[in-house]
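1. Build me a structure from this.
(one chain, ligands or ions: 1)
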Amino acid sequence: MAALKVLTEPNPLLRKKAVRVPFIDKSTQKLAADMVETMQAEGGVGLAAPQIGKSLRIIVIQIPEEEPFAVFNPEIVKRVGEREVTEACLSIPGYEGLVSRSISVITKGFDYNGKPLRIKAEGLLAQALEHEIDHLDGILYPDRIEDKNKFFVVENRDEESLITCDGNSP
Ligand code: NI
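-> I've put the predicted structure just below:
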(Lines give C-alpha, C1' and ligand atoms only; values in the text may rest on other atoms or scores of the structure.)
Protein backbone atom coordinates (compact mmCIF):
# COMPACT_ATOMS: atom_id res chain seq x y z
CA MET A 1 0.00 0.00 0.00
CA ALA A 2 1.05 3.56 -0.48
CA ALA A 3 -0.32 6.91 0.56
CA LEU A 4 -0.91 9.07 -2.48
CA LYS A 5 -1.06 12.78 -3.09
CA VAL A 6 -4.51 14.36 -2.73
CA LEU A 7 -5.37 16.74 -5.56
CA THR A 8 -6.70 20.13 -4.57
CA GLU A 9 -8.88 22.75 -6.21
CA PRO A 10 -8.72 23.92 -8.96
CA ASN A 11 -7.34 20.68 -10.42
CA PRO A 12 -9.61 19.85 -13.41
CA LEU A 13 -9.59 16.11 -12.57
CA LEU A 14 -11.76 16.95 -9.55
CA ARG A 15 -14.43 18.20 -11.95
CA LYS A 16 -14.54 15.17 -14.24
CA LYS A 17 -17.39 12.69 -14.01
CA ALA A 18 -15.78 9.40 -12.99
CA VAL A 19 -16.49 6.17 -14.89
CA ARG A 20 -17.88 2.96 -13.44
CA VAL A 21 -15.41 0.29 -12.40
CA PRO A 22 -15.91 -2.50 -14.98
CA PHE A 23 -14.78 -5.25 -12.62
CA ILE A 24 -13.26 -5.50 -9.20
CA ASP A 25 -9.87 -7.14 -9.49
CA LYS A 26 -6.42 -6.96 -7.90
CA SER A 27 -5.61 -3.58 -9.43
CA THR A 28 -8.84 -1.87 -8.34
CA GLN A 29 -8.53 -3.51 -4.89
CA LYS A 30 -4.99 -2.16 -4.59
CA LEU A 31 -6.25 1.26 -5.59
CA ALA A 32 -8.92 1.10 -2.85
CA ALA A 33 -6.29 -0.01 -0.32
CA ASP A 34 -4.06 2.90 -1.32
CA MET A 35 -7.04 5.23 -0.97
CA VAL A 36 -7.65 3.97 2.58
CA GLU A 37 -3.99 4.56 3.43
CA THR A 38 -4.15 8.05 1.91
CA MET A 39 -7.36 8.89 3.80
CA GLN A 40 -5.79 7.73 7.06
CA ALA A 41 -2.55 9.62 6.40
CA GLU A 42 -4.57 12.79 5.80
CA GLY A 43 -6.86 12.21 8.76
CA GLY A 44 -9.99 12.14 6.60
CA VAL A 45 -13.38 10.49 7.05
CA GLY A 46 -13.62 9.71 3.35
CA LEU A 47 -11.88 9.88 0.01
CA ALA A 48 -13.02 9.48 -3.60
CA ALA A 49 -10.79 8.13 -6.39
CA PRO A 50 -10.85 11.39 -8.42
CA GLN A 51 -9.12 13.06 -5.46
CA ILE A 52 -6.03 10.95 -6.13
CA GLY A 53 -6.29 11.47 -9.86
CA LYS A 54 -8.18 8.27 -10.78
CA SER A 55 -11.40 8.91 -12.64
CA LEU A 56 -13.14 5.78 -11.32
CA ARG A 57 -16.26 5.33 -9.20
CA ILE A 58 -14.60 4.20 -5.98
CA ILE A 59 -14.96 5.74 -2.54
CA VAL A 60 -13.52 4.84 0.84
CA ILE A 61 -14.92 5.89 4.20
CA GLN A 62 -13.78 5.54 7.77
CA ILE A 63 -15.99 6.80 10.56
CA PRO A 64 -13.96 7.46 13.74
CA GLU A 65 -13.60 4.32 15.90
CA GLU A 66 -14.80 2.12 13.03
CA GLU A 67 -13.16 0.05 10.31
CA PRO A 68 -12.50 1.62 6.91
CA PHE A 69 -14.43 0.29 3.94
CA ALA A 70 -14.59 0.79 0.19
CA VAL A 71 -17.62 1.04 -2.07
CA PHE A 72 -17.25 0.43 -5.80
CA ASN A 73 -19.81 2.02 -8.12
CA PRO A 74 -21.77 3.54 -5.22
CA GLU A 75 -25.19 4.95 -5.92
CA ILE A 76 -27.62 6.67 -3.60
CA VAL A 77 -31.00 5.07 -4.15
CA LYS A 78 -32.94 6.86 -1.43
CA ARG A 79 -32.60 10.13 0.46
CA VAL A 80 -34.75 11.13 3.43
CA GLY A 81 -35.02 14.54 5.08
CA GLU A 82 -32.73 17.51 5.15
CA ARG A 83 -30.37 19.05 7.67
CA GLU A 84 -27.51 21.53 7.65
CA VAL A 85 -24.08 20.23 8.55
CA THR A 86 -20.54 21.58 8.73
CA GLU A 87 -18.36 20.17 6.02
CA ALA A 88 -14.76 20.24 4.89
CA CYS A 89 -12.82 18.52 2.11
CA LEU A 90 -9.24 17.34 1.78
CA SER A 91 -9.24 18.85 -1.72
CA ILE A 92 -10.20 22.30 -0.37
CA PRO A 93 -7.81 22.78 2.54
CA GLY A 94 -8.32 25.71 4.87
CA TYR A 95 -12.08 26.07 4.33
CA GLU A 96 -15.33 24.88 5.84
CA GLY A 97 -18.92 25.32 4.90
CA LEU A 98 -22.49 24.74 5.98
CA VAL A 99 -24.11 22.32 3.58
CA SER A 100 -27.61 20.92 3.31
CA ARG A 101 -27.48 17.11 3.45
CA SER A 102 -29.97 14.31 3.88
CA ILE A 103 -30.87 12.96 7.30
CA SER A 104 -30.56 9.41 6.03
CA VAL A 105 -29.63 7.70 2.77
CA ILE A 106 -29.61 4.24 1.29
CA THR A 107 -26.59 3.50 -0.87
CA LYS A 108 -26.03 0.54 -3.15
CA GLY A 109 -22.74 -0.61 -4.64
CA PHE A 110 -20.15 -3.35 -4.36
CA ASP A 111 -17.73 -4.11 -1.56
CA TYR A 112 -13.99 -4.81 -1.71
CA ASN A 113 -14.65 -8.41 -2.74
CA GLY A 114 -17.16 -7.49 -5.42
CA LYS A 115 -20.20 -8.51 -3.39
CA PRO A 116 -23.33 -6.34 -3.71
CA LEU A 117 -23.66 -3.92 -0.84
CA ARG A 118 -26.61 -1.98 0.55
CA ILE A 119 -25.91 0.57 3.26
CA LYS A 120 -28.60 2.29 5.31
CA ALA A 121 -26.92 5.33 6.82
CA GLU A 122 -27.63 8.36 8.90
CA GLY A 123 -25.51 10.95 10.68
CA LEU A 124 -21.85 11.28 9.69
CA LEU A 125 -21.94 8.15 7.52
CA ALA A 126 -24.85 9.49 5.44
CA GLN A 127 -23.05 12.81 5.08
CA ALA A 128 -19.79 11.13 4.06
CA LEU A 129 -21.57 8.97 1.47
CA GLU A 130 -23.26 12.01 -0.08
CA HIS A 131 -20.01 14.03 -0.05
CA GLU A 132 -17.86 11.26 -1.56
CA ILE A 133 -20.41 10.23 -4.19
CA ASP A 134 -20.66 13.91 -5.19
CA HIS A 135 -16.91 13.78 -5.91
CA LEU A 136 -17.58 11.02 -8.47
CA ASP A 137 -19.79 13.43 -10.37
CA GLY A 138 -17.30 16.29 -10.18
CA ILE A 139 -19.31 18.06 -7.48
CA LEU A 140 -17.52 19.73 -4.58
CA TYR A 141 -19.37 20.77 -1.44
CA PRO A 142 -19.12 24.56 -2.06
CA ASP A 143 -21.26 23.92 -5.19
CA ARG A 144 -24.07 23.05 -2.80
CA ILE A 145 -23.77 26.29 -0.84
CA GLU A 146 -25.94 29.06 -2.20
CA ASP A 147 -25.30 31.56 0.59
CA LYS A 148 -21.62 32.43 0.24
CA ASN A 149 -21.59 33.53 3.90
CA LYS A 150 -21.84 29.82 4.66
CA PHE A 151 -18.43 29.10 3.10
CA PHE A 152 -15.52 30.36 5.12
CA VAL A 153 -11.80 30.29 5.73
CA VAL A 154 -10.81 28.34 8.79
CA GLU A 155 -8.23 30.32 10.69
CA ASN A 156 -5.88 29.57 13.53
CA ARG A 157 -6.21 25.85 13.32
CA ASP A 158 -3.70 24.06 15.46
CA GLU A 159 -2.05 20.92 14.15
CA GLU A 160 -4.52 18.59 15.82
CA SER A 161 -7.65 20.08 14.37
CA LEU A 162 -6.15 20.64 10.92
CA ILE A 163 -8.78 19.34 8.46
CA THR A 164 -9.53 16.25 10.42
CA CYS A 165 -11.88 14.91 7.87
CA ASP A 166 -13.18 14.88 4.38
CA GLY A 167 -16.90 15.17 4.48
CA ASN A 168 -17.26 16.55 7.93
CA SER A 169 -15.45 18.63 10.47
CA PRO A 170 -15.51 17.99 14.20
NI1 NI B 1 -14.08 15.89 -0.32
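2. Could you point out the longest strand of the protein?
-> If each strand of the chain is counted by residues according to DSSP state E, the longest one is strand 69-80.
3. buried set for that strand?
-> Neighbour counts over strand 69-80 (16 or more other CB atoms under 10 Å) mark Phe69, Ala70, Val71, Phe72, Asn73, Pro74, Ile76 as buried. Backbone N, C-alpha and C define where each C-beta goes, glycine included.
4. For the third one, name its beta-bridge partners.
-> For Val71, the residues forming beta bridges with it (DSSP bridges) are Ile59.
5. I'd guessed it sits against Ala121; true?
-> No: contact between Val71 and Ala121 fails when scored by CB atoms under 8 Å: they sit 10.9 Å apart.
6. Find residues that contact each of these two.
-> With contacts taken as CB atoms under 8 Å, 6 or more residues apart in numbering, Val71 and Ala121 have Thr107, Leu129 as neighbours in common.
7. follow-up on the earlier one: let's have the buried residues of strand 69-80 in JSON lines, adding pLDDT.
-> Formatted as JSON lines, those follow (pLDDT from 0 to 100):
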{"residue": "Phe69", "pLDDT": "98"}
{"residue": "Ala70", "pLDDT": "98"}
{"residue": "Val71", "pLDDT": "98"}
{"residue": "Phe72", "pLDDT": "98"}
{"residue": "Asn73", "pLDDT": "98"}
{"residue": "Pro74", "pLDDT": "98"}
{"residue": "Ile76", "pLDDT": "98"}
